[in-house]
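Participant: Have a look; sequence and predicted model below, questions after that.
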Amino acid sequence: MTDRTRNSPRRGLGQLWGDSKGSVAVIFALSATALIAFLGAGLDFSRAFVARQELSNVATMTCQYSTRPTVYQVAFGNNNGLQTYATQVNAFATQSLANQQFSLTQTNATPFTYTALGSNGQVSLAATVPTLFLPIVSINNLPVSVTITCAQGQTQTQNSGGNTPGSVVLSESFENSACSGTCWSTFQPDGTKNNLSPTTYSTFSNVVGYVGTSGSEWTIMGYCLEVDTVGLIKSTVADGTHSAELDCDNASGSAGNSSISNKTFYSPGVYEIRFAYASRIDYPNYDPMYICASTAADLAWANDGSESGSPRGSNITRSNQMNVYFDADQNGVAPTHTTLDGTQTLAGSNLIDECVYGPNWVQRSVTINVTTAGYYWLSFAADGGNDSYGAQVDAIEVCHVACSGSISDPFPSAWSSSPLLYEDSFESPSSATSPVKTSAVLDSDYGASHGGWPTQANLGWATGPYDQVGIVRGTGLVDAGSQSLELDSATSGSQTTSRRSISRYFYLDPGYYAISYHYLSGVRFTGVAATNCTYAPSSSGALSAYTSTTSTAGTNLLTSASGNWPADTNAVAVFMAQSMEASYPVIGAGLNNATSYYNPTGTTTTTPTAAPDTVSTSSYNTAQVNPVLDYCNYSSSWTTRTTYVQITKAGQYWLTIGAVGASASQDHIGGLIDDVRVSAVGSLYGGAPTFYVTIPTTSAAPGSTISYTGFSFTADPLTPS
């Protein structure tokens with residue numbers, strides 16, 4: 001056979017195919033492997049995505065579980081509460097993975113973490129997903145993880161004592177300053193520091209504007225929070241070296257009312273909220289009293305505008321006002337209120353305390369009873385005069401049941417050291433002749449303010465129901481100085497009664513006070529030498545025994561004329577009433593003019609709706625708004641009467657002394673009074689007098705309960721029961 005057959009075309013192609021088919025097989029195998037890896041990777045990544053989504057669902061459920069009130073309260077239930085809380089939430093995460101039939105191993109040993117100093121809880125879950133196809137390219141597994149920050153954080157510090165009485169829930173003394181040395185620094189609502197802005201923030205947010213040294217977090221509304229070094233505004237602070245002011249600065253010093261709010265979880269139980277308050281702007285007419293109460297209605301009277309030392313001018317009322325609120329959380333924010341001037345929205349809705357004035361640091365205490373566990377906002381807000389000059393606040397503390405240490409006695413020290421507050425022997429206006437009863441007005445009869453009221457403005461008496469009273473001079477008719485008063489004055493013109501009363505108001509803090517005066521009968525009955533008086537009658541029977549109207553022979557001491565007079569012609573009674581409970585006279589009417597009265601309803605009339613001196617001796621009501629402090633029917637010689645009152649709320653109180661006898665005959669002669677005195681006996685925390693009359697006040701009564709959603713609190717807790 002010849003060799004030509006090897007060179008034929010057909011044989012050449014076959015040989016080529018035979019030589020190349022091995023290489024094609026390799027190429028095809030490689031291509032198939034890449035294709036399988038590519039297609040399988042999608043499935044492996046899809047499985048990893050599903051696993052991560054399952055982890056995310058469980059992490060979300062765990063966060064929600066961690067913020068349930070019944071779960072969270074475990075964190076502060078005892079000394080190991082925080083650890084117990086974390087363990088419980090971690091167990092929930094593990095169980096949830098099992099309930100979701102998560103088939104992989106979650107590799108984070110403690111997925112839930114939480115610290116007590118104001119941080120949010122965090123859930124971190126992780127797992128490894130085995131691959132089915134990616135091992136072809138040496139990828140045997142895909143790691144997946146998810147981290148979620150739980151939305152509802154907590155600002156409560158960990159309690160070393162748990163829920164035991166005295167353990168601290170919240171503490172703030174504003175020691176975290178943004179400047180050094182003797183200085184003032186500001187913290188804005190958006191979290192910036194020392195950046196004054198004319199913009200007032202009226203929308204509540206969860207931005208933390210200030211963090212205290214204990215870790216407490218505060219949200220700011222309005223303009224800013226001002227932190228002041230001791231000695232800059234006040235010569236002392238209640239705790240540490242700094243205090244705070246809530247009437248901050250709007251960058252031009254013309255406004256600054258602001259609020260701060262702290263969110264804390266409260267489990268059911270009793271808590272005490274303490275804080276220290278002091279004024280910055282002086283109101284001399286209030287000195288040295290403090291003006292605080294549990295309700296805004298209790299301080300409706302405190303509108304004196306005669307401030308001293310403010311560069312903003314005069315007639316600014318309530319420059320130092322600060323309100324305290326306690327409110328259930330509303331989806332992460334605090335409820336709000338509108339300021340008195342109607343220009344701002346600040347944090348707080350449920351008012352639990354309010355202070356208008358306090359020249360020295362006064363410690364306030366509010367006892368609350370939480371009935372529904374949950375998050376609550378404690379807010380402090382400036383109000384009143386929006387002038388960048390306001391009150392100072394310091395030493396905020398919230399404790400289980402009660403904070404350690406006793407409450408500082410709020411009774412003014414000036415009244416303790418100088419108990420005689422006021423004295424008037426009626427030397428003005430002066431009568432030139434003697435003996436005589438001269439008609440006069442007493443609106444310029446200022447008496448003498450003593451050490452307890454060093455700077456209050458002069459204030460005279462108002463006379464009702466007509467502006468006329470008798471000034472008496474003469475031997476035996478005066479017991480102090482050179483003049484006395486006779487309250488059953490002669491009529492003139494259109495006057496319909498001769499009985500008179502004199503009224504004057506006093507600013508008083510809670511405490512015990514003595515009211516004293518000298519008394520003498522203007523008619524001396526023949527052969528009668530006894531003194532017929534009663535302190536603080538407790539019933540109509542106790543008073544009616546002194547009210548005989550039998551006509552009796554006697555002598556008019558002013559004229560020496562003889563005649564017959566009703567037995568109660570000399571009757572005089574002493575009353576006291578809170579200005580918001582009884583009508584009180586307008587001081588300064590002209591001689592013989594009818595007196596106008598401010599009524600509790602807000603009207604002004606010449607016939608008072610709740611007269612300050614009304615009394616029925618036959619059916620005396622001991623619960624009337626103007627209780628009788630003392631009643632004298634007869635005394636043939638000067639006698640000194642002293643009675644006592646208990647004041648339970650800071651306020652304006654009207655002292656009234658009036659002629660109350662001989663209503664039928666209007667005989668124009670009656671009891672004489674002289675040397676009226678008001679003295680401070682002491683604090684409600686000291687010993688009480690043997691007897692006293694408690695002056696009625698507007699509701700809520702001291703010690704009563706005021707209820708809001710989720711909690712209640714005790715009104716005026718500084719008043720002992």
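Facilitator: Done, it's in.
Participant: Nearest residue to the middle of this protein?
Facilitator: D353 (1.6 Å; CA atoms, centre = their mean).
Participant: Helix or strand: which one has the nearest residue to that residue once chain neighbours are set aside?
Facilitator: Nearest non-adjacent residue to D353, counting by CB to CB, 6 or more residues apart in numbering: V324, 4.1 Å away. Every C-beta, even on glycine, is put in place using the N, C-alpha and C of the backbone. Taking DSSP states H and E as the definition, one finds V324 inside strand 322-328.
Participant: tell me which strands and helices that strand is in contact with?
Facilitator: Packing partners of strand 322-328 (3 or more CB pairs under 8 Å, 6 or more residues apart in numbering; DSSP states H and E): strand 269-278, strand 351-357, strand 362-370, strand 374-382, strand 711-714.
Participant: strand partners of the first one, parallel vs antiparallel please.
Facilitator: This points to strand 269-278. For strand 269-278, the paired strands and their directions (DSSP bridges) are strand 362-370 (antiparallel), strand 392-400 (antiparallel).
Participant: which of these sits most buried?
Facilitator: Mean neighbour count (mean count of other CB atoms under 10 Å) peaks for strand 392-400 among the strands paired with strand 269-278, with a mean of 23.
Participant: Can you name the secondary structure element that comes next after that one?
Facilitator: Immediately after strand 392-400, counting by DSSP H and E, sits helix 413-417.
Participant: outside of that next one, which residues touch it?
Facilitator: 287-288, 360, 421, 451-452, 454, 509, 511, 680, 682-683 (CB atoms under 8 Å, 6 or more residues apart in numbering).
Participant: I'd like the mean pLDDT over that helix, please.
Facilitator: Average pLDDT, helix 413-417: 94.
Participant: For that helix, buried residues please.
Facilitator: For helix 413-417, the neighbour count (16 or more other CB atoms under 10 Å) marks 414-416 as buried.
Participant: Would you reformat the helices and strands packed on strand 322-328 as a markdown table and include distance to N140 and mean pLDDT?
Facilitator: Converted to a markdown table, the helices and strands packed on strand 322-328 look like this (distance: least, CB to CB, whole Å; pLDDT from 0 to 100):
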| stretch | distance to N140 | mean pLDDT |
| --- | --- | --- |
| strand 269-278 | 55 | 96 |
| strand 351-357 | 63 | 98 |
| strand 362-370 | 55 | 95 |
| strand 374-382 | 47 | 95 |
| strand 711-714 | 58 | 96 |
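Participant: now those in CSV, with distance to S171?
Facilitator: Formatted as CSV, these follow (distance: least, CB to CB, whole Å):
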stretch, distance to S171
strand 269-278, 10
strand 351-357, 18
strand 362-370, 15
strand 374-382, 12
strand 711-714, 20
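Participant: so which of the ones you listed gets nearest V660?
Facilitator: Of all the helices and strands packed on strand 322-328, it is strand 351-357 that lies closest to V660, at 35.5 Å by CB to CB.
Participant: How about G358, nearest residue that isn't a chain neighbour?
Facilitator: G358 sits nearest to Y290 (CB to CB, 6+ apart), 3.9 Å away.
Participant: quick one: contacts for A659?
Facilitator: A659 neighbours (CB under 8 Å, 6+ apart): 487-488, 499-501, 571-572, 670-671.
Participant: hmm, I was thinking of S498
Facilitator: Contacts of S498 (CB under 8 Å, 6+ apart): 488-491, 666-668.
Participant: now with 10 Å?
Facilitator: Counting by CB atoms under 10 Å, 6 or more residues apart in numbering, S498 makes contact with 466, 468, 470, 487-492, 659, 662, 665-670.
Participant: Return the subset of these lying in strands.
Facilitator: Assignment to strands by DSSP state E places the following of the contacts of S498 there: 470, 659.
Participant: The contacts of S498, buried ones only, as a ChimeraX selection?
Facilitator: Remark: buried members of these, expressed as a ChimeraX selection using 16+ other CB under 10 Å:
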select :466,468,470,487,488,489,659,662,667,668,669,670
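Participant: Where do the strands of the stretch 51-200 of the chain begin and end?
Facilitator: For the stretch 51-200 of the chain, the strands defined by DSSP state E, counting those that start in this stretch cover 112-113, 122-130, 141-149, 168-172, 184-187.
Participant: okay, those in TSV with mean neighbour count next?
Facilitator: Below are the strands of the stretch 51-200 of the chain laid out as TSV (neighbours: other CB atoms under 10 Å):
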stretch	mean neighbour count
strand 112-113	20
strand 122-130	20
strand 141-149	16
strand 168-172	22
strand 184-187	23
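Participant: Could you dump those into JSON lines and include distance to D341 and mean pLDDT?
Facilitator: Formatted as JSON lines, those follow (distance: least, CB to CB, whole Å; pLDDT from 0 to 100):
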{"stretch": "strand 112-113", "distance to D341": "46", "mean pLDDT": "88"}
{"stretch": "strand 122-130", "distance to D341": "43", "mean pLDDT": "92"}
{"stretch": "strand 141-149", "distance to D341": "40", "mean pLDDT": "90"}
{"stretch": "strand 168-172", "distance to D341": "27", "mean pLDDT": "94"}
{"stretch": "strand 184-187", "distance to D341": "22", "mean pLDDT": "96"}
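Participant: closest one to D239 among those strands?
Facilitator: Per CB to CB, nearest to D239 of these: strand 168-172, 9.2 Å.
Participant: how far does the closest one sit from the chain's center?
Facilitator: 18 Å (CA atoms, centre = their mean, to the nearest Å).
Participant: Given it, what are its sheet partners and their directions?
Facilitator: Strand pairing for strand 168-172, determined by DSSP bridges: strand 392-400 (antiparallel).
Participant: I'd like to check the angle between the partner strand and strand 374-382, please.
Facilitator: 160 degrees (axes from the mean of the first three to the mean of the last three CA atoms, to 10 degrees).
Participant: Report the distance from strand 392-400 to the chain centre.
Facilitator: Put simply, strand 392-400 sits 12 Å off its chain's centre (CA atoms, centre = their mean).
Participant: picking up where we left off before, I'd guessed the residue nearest to G358 sits against S279; true?
Facilitator: Yes. Using CB atoms under 10 Å, Y290 is in contact with S279, at 8.6 Å.
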